[in-house]
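> Provided below are the primary sequence and the corresponding predicted coordinates.
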2 protein chains.
Amino acid sequence: MRLPLASDIQDALNRIRPYIHRTPVLCSSQLNRNFGCDLFFKCENFQKVGAFKFRGATNAVLCLSDEEKRRGVVTHSSGNHAAALALAAAMNGVKAYIVMPETAPEVKKNAVASYGADITFCKPTLQSREETTFAIMERTGAVLIHPYDNFNVICGQGTAALELMEEKPDLDIVVAPVGGGGLMSGTSALVKGTGSSTRVIGAEPFNARDAYLSFTSGALVPSDNPRTVADGLLTSLSELTFAVIRKNVDMILTAQEETIIECMLLVWERMKIVIEPSSATVLAVIRENPSEFRGRQVGLIVSGGNVDFRKLPF
Amino acid sequence: MRLPLASDIQDALNRIRPYIHRTPVLCSSQLNRNFGCDLFFKCENFQKVGAFKFRGATNAVLCLSDEEKRRGVVTHSSGNHAAALALAAAMNGVKAYIVMPETAPEVKKNAVASYGADITFCKPTLQSREETTFAIMERTGAVLIHPYDNFNVICGQGTAALELMEEKPDLDIVVAPVGGGGLMSGTSALVKGTGSSTRVIGAEPFNARDAYLSFTSGALVPSDNPRTVADGLLTSLSELTFAVIRKNVDMILTAQEETIIECMLLVWERMKIVIEPSSATVLAVIRENPSEFRGRQVGLIVSGGNVDFRKLPF
């Protein structure tokens, strides 16, 4: 199993640069005082499709051979990866087949459809998703682009941290959220791969702490039907992302649901930017573990800003 | 009555520059397609205290004589101007007396108090506000800084448009919201005062269209107990702001409540930034009057981002 290196992530950034937004790094002196450290928010909520996922999807599409591009790409997802892959494929003239549970919100179905993807609805079970996906692969020859268990996707996700470190090379700590581990893998491989002494910390909801349990026990422990407001962090690590994280991450911290919601509201109120609960988890672990961060220069990967404004948790 | 000139606004910007944020001008290709014109959002929601009001308050404080600074400043407001004046005064070592209705939301009272202002509560009537304010002026000698009927405040508000025009000098149209008219006065005086051919359009809720009625009839028509979601636009023009607006504004357009709410949600969803309903009014008049804007380069003054997230209109 080949693990991504910093040079792979640099190559990915060179490849995807014409397609992505270089997102800003924002600060708030009010939040710095509030949290007792200097916070640098790498705002992937401003990325295309509203999430870092567009980086990994674009890198994966650009790494296909011409023959693979002709066959198209396929994935099963109800979330940001589906929209990201649909847009990345469309921008490169590649056909995208997206398998979505029939129960997915209309707004997400519409977003994916608006990028011209071919949507197939399935029952809302993992078995139905996988069977439908494999049937499409058999019929069309389309290449599966997994949302995180994929080398090129991980390298793409790491480019957010690369841009952050280009702008702020002297960070003491970088914190990113952990769901399936694609963002955390890319982030940690980049930071540690450059030989920097910056620490890398993963942030996870306590209610979906499979990465924490896996990391501390040394054996992959999948989540069992987790419930958290951070709907982007429900998935469990794969063998690949677990291997990268074990190698490169210094620590995984967890946060309670009410802290995640409080921190999301705080960022909306004070910074006037919309971040999703998964992104607020990063700030929430700082709130719950202040001594780890006090007086430090801390980079935070804000993963996205896709929120259903009619179902807010506050 | 002396009306502000572009040179007064340039002087104001030179004066306040060390104290304010130079806010970004943001774009969204999705919204450009959606609205059929090129939109440039001057984001005063990222200004200190979350609104353009900090510009005018800072300019007014800096224009005081040393003797006036020793006496302090006073205003009555339940909104952004109170917080803006409190912070502007604090940053310059000037005492601020703020008269607030006892019914003002806790969060606003706390914000003003956190800047060290001396708060006096009054009954929620205009008479009680004014009596309380005059009593403070008599007792302390503090200088009244009116939220918009004030030359230096208007010049400060115009600096947002000045920064916008520095960045995008070739705009066809600039649109700003109209409440008491301070922002609209400063914006229009700046744009027209530079001899530019850029058109200047005011945006008002149909339900609080005193500026529209005054502008079209040629006589000052105050609002009578207006009701609108755009809570920053409830106030009526003063003699001074009406005079500036008559001289410099090309047109005032109005928008319905549901369009204001729709446009606010659209900006949150697509741009991932928090804007208040008063700011969404600017986009709403473009939505309701598309032929005025089609194919144009349009600058929008986004007035602020102070929203009560627990009382959202959607």
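Yes, it's here.
> drop to CA atoms for contacts and neighbour counts, all remaining ones
Noted.
> what ranges does the stretch 51-200 of chain A have for its helices?
A:53-62, A:66-71, A:80-91, A:106-114, A:126-140, A:151-167, A:182-193 (DSSP state H, counting those that start in this stretch).
> for the fifth one, list the C-alpha coordinates in CSV.
Listed in CSV are the C-alpha atoms of helix A:126-140, where the atom choice follows Å, rounded to 0.1, in the frame of the first residue of the first chain:
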residue,chain,number,x,y,z
LEU,A,126,-24.9,0.3,2.0
GLN,A,127,-25.7,-2.9,0.2
SER,A,128,-28.0,-1.3,-2.3
ARG,A,129,-25.5,1.5,-2.9
GLU,A,130,-22.7,-0.9,-3.6
GLU,A,131,-24.7,-3.2,-5.7
THR,A,132,-26.1,-0.3,-7.8
THR,A,133,-22.6,1.1,-8.2
PHE,A,134,-21.1,-2.2,-9.3
ALA,A,135,-23.9,-2.7,-11.8
ILE,A,136,-23.0,0.6,-13.4
MET,A,137,-19.3,-0.3,-13.4
GLU,A,138,-20.1,-3.6,-15.2
ARG,A,139,-22.4,-1.9,-17.7
THR,A,140,-20.3,1.2,-18.5
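> what helices or strands is that helix leaning on?
Helices and strands touching helix A:126-140, as assessed by 3 or more CA pairs under 8 Å, 6 or more residues apart in numbering or on different chains; DSSP states H and E, comprise strand A:73-76, strand A:96-101, strand A:118-122.
> one step back: least confident of the helices of the stretch 51-200 of chain A, on average?
Within the helices of the stretch 51-200 of chain A, confidence is poorest for helix A:106-114, with a mean of 86 (mean pLDDT).
> tilt between that helix and strand A:96-101?
Using axes from the mean of the first three to the mean of the last three CA atoms, to 10 degrees, the inter-axis angle of helix A:106-114 relative to strand A:96-101 is 160 degrees.
> what's in contact with helix A:106-114?
Contacts of helix A:106-114 from elsewhere in the structure, counted by CA atoms under 8 Å, 6 or more residues apart in numbering or on different chains, are A:78-79, A:82-83, A:86-87, A:100, A:119.
> and stretch A:52-65, by the same measure?
A:12, A:15-16, A:19-20, A:44-45, A:47-48, A:69, A:73, A:80-81, A:84-85, A:87-89, A:92, A:145, A:147, A:152-157, A:159-160, A:303-304.
> list the buried residues in that stretch.
Neighbour-count burial for stretch A:52-65, counted by 16 or more other CA atoms under 10 Å in any protein chain shown, picks out A:52-62.
> what of stretch A:166-180?
Under 16+ other CA under 10 Å, the buried positions of stretch A:166-180 are A:171-180.
> and that stretch, how far apart are its ends?
Distance across stretch A:166-180, first residue to last, is 26 Å (CA to CA, to the nearest Å).
> for chain A, what helix or strand is lowest in average pLDDT?
Ranking every helix and strand in chain A by mean pLDDT, DSSP states H and E puts helix A:106-114 at the bottom, with a mean of 86.
> what is the burial count for the closest residue to A:Ile275 other than its chain neighbours?
Distance criterion CA to CA, 6 or more residues apart in numbering or on different chains; nearest residue to A:Ile275, sequence neighbours excluded, is A:Gly305 at 4.2 Å. Applying other CA atoms under 10 Å in any protein chain shown, we find 28 other residues in the vicinity of A:Gly305.
> is A:Cys122 bridged to anything, and to what?
Beta-bridge partners of A:Cys122, counted by DSSP bridges, are A:Pro101.
> which residues are in contact with it?
Shown here is A:Cys122, whose contacts under the criterion CA under 8 Å, 6+ apart are A:99-102, A:128-129, A:132.
> looking at stretch A:292-300 now, give me its mean pLDDT.
The pLDDT scores in stretch A:292-300 average 98.
> per-residue confidence at the single nearest residue of the stretch 51-200 of chain A relative to chain B?
Nearest residue of the stretch 51-200 of chain A to chain B: A:Ala51, at 10.6 Å (CA to the nearest CA). According to the prediction, A:Ala51 has pLDDT 96.
> quick check: closest non-adjacent residue to A:Val267.
For A:Val267, the nearest residue in space outside its immediate sequence neighbours is A:Ile273; the separation is 6.7 Å by CA to CA, 6+ apart.
> okay if I get the helices and strands packed on helix A:126-140 as a markdown table plus mean pLDDT?
Rendered in a markdown table, the data for those read as follows (pLDDT from 0 to 100):
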| stretch | mean pLDDT |
| --- | --- |
| strand A:73-76 | 96 |
| strand A:96-101 | 95 |
| strand A:118-122 | 96 |
